[in-house]
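> What follows is a predicted protein model with its sequence.
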Amino acid sequence: MKKAWNACLRAGFTLIEVLVTVVIIGVLAAVIIPAITNQIGAADPARVANDLANVRTGIETFSLNVRPRFPGDLDDLANPITPLDLDIKGVAYTDTTAWNGPYISATVPKVDGSAPLADIASNSGYKASILSRLASCSSAAGTTGVGCVLTTAPQFVTVQISGLDAPQFRAINDVLDGASDSLTASTTGKFRFDGTRAYFLATPYR
């Protein structure tokens with residue numbers, strides 16, 4: 001009976017063993033949790049770049065079908081155009097039979113006139129929003145700004161992205177253009193940033 005009791009006493013952990021175990025678990029958590037967190041966000045730049053590439057492909061295919069017109073918003077790519085829809089120049093479509101989409105996934109709701117197009121967005125990486133309204137922007141250096149409607153040639157059909165901060169922009173820009181030309185903004189290349197909104201010059205139309 002005494003031997004059995006002594007065996008039971010020896011089967012438990014000592015205080016030192018418990019403390020060592022807790023310290024080891026703490027060290028592992030301190031190393032593993034940040035690594036996992038970083039990996040979760042690591043795919044965001046590639047996701048945004050991939051989403052923008054898909055939109056660009058949709059715009060180019062749309063323009064081949066509905067030539068020489070370019071879409072005015074993502075809704076034109078996701079849903080059949082109607083005579084009430086406007087192209088990027090603000091002109092109504094006269095021939096809607098050439099539309100052969102959808103050219104992008106139909107994730108953008110059909111606009112019924114109750115909300116401005118710029119308020120309708122598709123979420124991407126970093127929880128950034130790809131705005132529905134497509135802009136007309138010049139490729140000249142420094143041409144960024146809300147709406148980005150400019151007259152300097154050549155003009156580009158431009159996708160607008162909101163909800164990015166400067167570090168997030170730089171991470172995406174590394175994928176699309178390489179290193180950015182500023183810590184807070186970029187006014188060259190196909191991916192621009194004015195500190196508030198990003199602009200992806202998708203495809204030229206002049």
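In hand now; what should we look at? Numbering: from 1, shown residues only.
> Break down the protein into its helices, ranges please.
Remark: helices assigned in the chain by DSSP state H are 2-10, 15-42, 44-65, 74-78, 166-176.
> which residues touch the third one?
Where contact means CB atoms under 8 Å, 6 or more residues apart in numbering, the residues beyond helix 44-65 that reach it are 69-71, 74, 76-77, 98-101, 103-105, 122, 124-126, 128, 130, 134, 157, 159, 161, 168, 171-172, 174-176, 200, 202-203, 205. For every residue, glycine as well, the C-beta is placed using N, CA and C.
> next one: it to chain centre, how far?
From the chain centre to the centre of helix 44-65 is a distance of 11 Å (CA atoms, centre = their mean, to the nearest Å).
> Give the buried residues for it.
By 16 or more other CB atoms under 10 Å, the buried positions in helix 44-65 come out as Asp44, Pro45, Val48, Ala49, Asp51, Leu52, Val55, Arg56, Gly58, Ile59, Phe62, Ser63.
> With distance to Thr82 and pLDDT added, can I get the residues you listed in CSV?
Below are the buried residues of helix 44-65 laid out as CSV (distance: CB to CB, whole Å; pLDDT from 0 to 100):
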residue, distance to Thr82, pLDDT
Asp44, 35, 83
Pro45, 36, 85
Val48, 30, 86
Ala49, 32, 87
Asp51, 25, 87
Leu52, 26, 89
Val55, 21, 90
Arg56, 24, 93
Gly58, 18, 93
Ile59, 19, 94
Phe62, 15, 94
Ser63, 18, 92
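> hmm, which two among these are most spread apart?
Within those, Asp44 and Ser63 form the most distant pair, 29.0 Å apart (CB to CB).
> related to what we said a few turns ago, mind giving me CSV with the buried residues of helix 44-65 and columns for distance to Leu15?
Formatted as CSV, the buried residues of helix 44-65 follow (distance: CB to CB, whole Å):
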residue, distance to Leu15
Asp44, 45
Pro45, 48
Val48, 52
Ala49, 54
Asp51, 55
Leu52, 58
Val55, 61
Arg56, 63
Gly58, 65
Ile59, 68
Phe62, 71
Ser63, 74
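> Asp85: which of those residues is nearest?
Nearest to Asp85 out of the buried residues of helix 44-65 is Phe62 (CB to CB; 11.7 Å).
> who touches Ser105 in this structure?
With CB under 8 Å, 6+ apart as the criterion, the residues that contact Ser105 are Asn54, Ala78.
> try 10 Å
By CB atoms under 10 Å, 6 or more residues apart in numbering, the residues touching Ser105 are Asp51, Asn54, Gly58, Leu77, Ala78, Ser122.
> Could you dump these into a markdown table with distance to Ile88 added?
Formatted as a markdown table, those follow (distance: CB to CB, whole Å):
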| residue | distance to Ile88 |
| --- | --- |
| Asp51 | 19 |
| Asn54 | 18 |
| Gly58 | 13 |
| Leu77 | 12 |
| Ala78 | 16 |
| Ser122 | 18 |
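> Out of the residues you listed, flag the one nearest to Phe193.
Comparing these against Phe193 with CB to CB places Asp51 closest, at 16.5 Å.
> Which residue, neighbours along the chain excluded, lies closest to the residue nearest the centre of the chain?
Centroid check for the chain by CA atoms, centre = their mean gives Val48 as the closest residue, at 3.2 Å. Among residues not flanking Val48 along the chain, Gly125 sits closest, at 4.3 Å (CB to CB, 6 or more residues apart in numbering).
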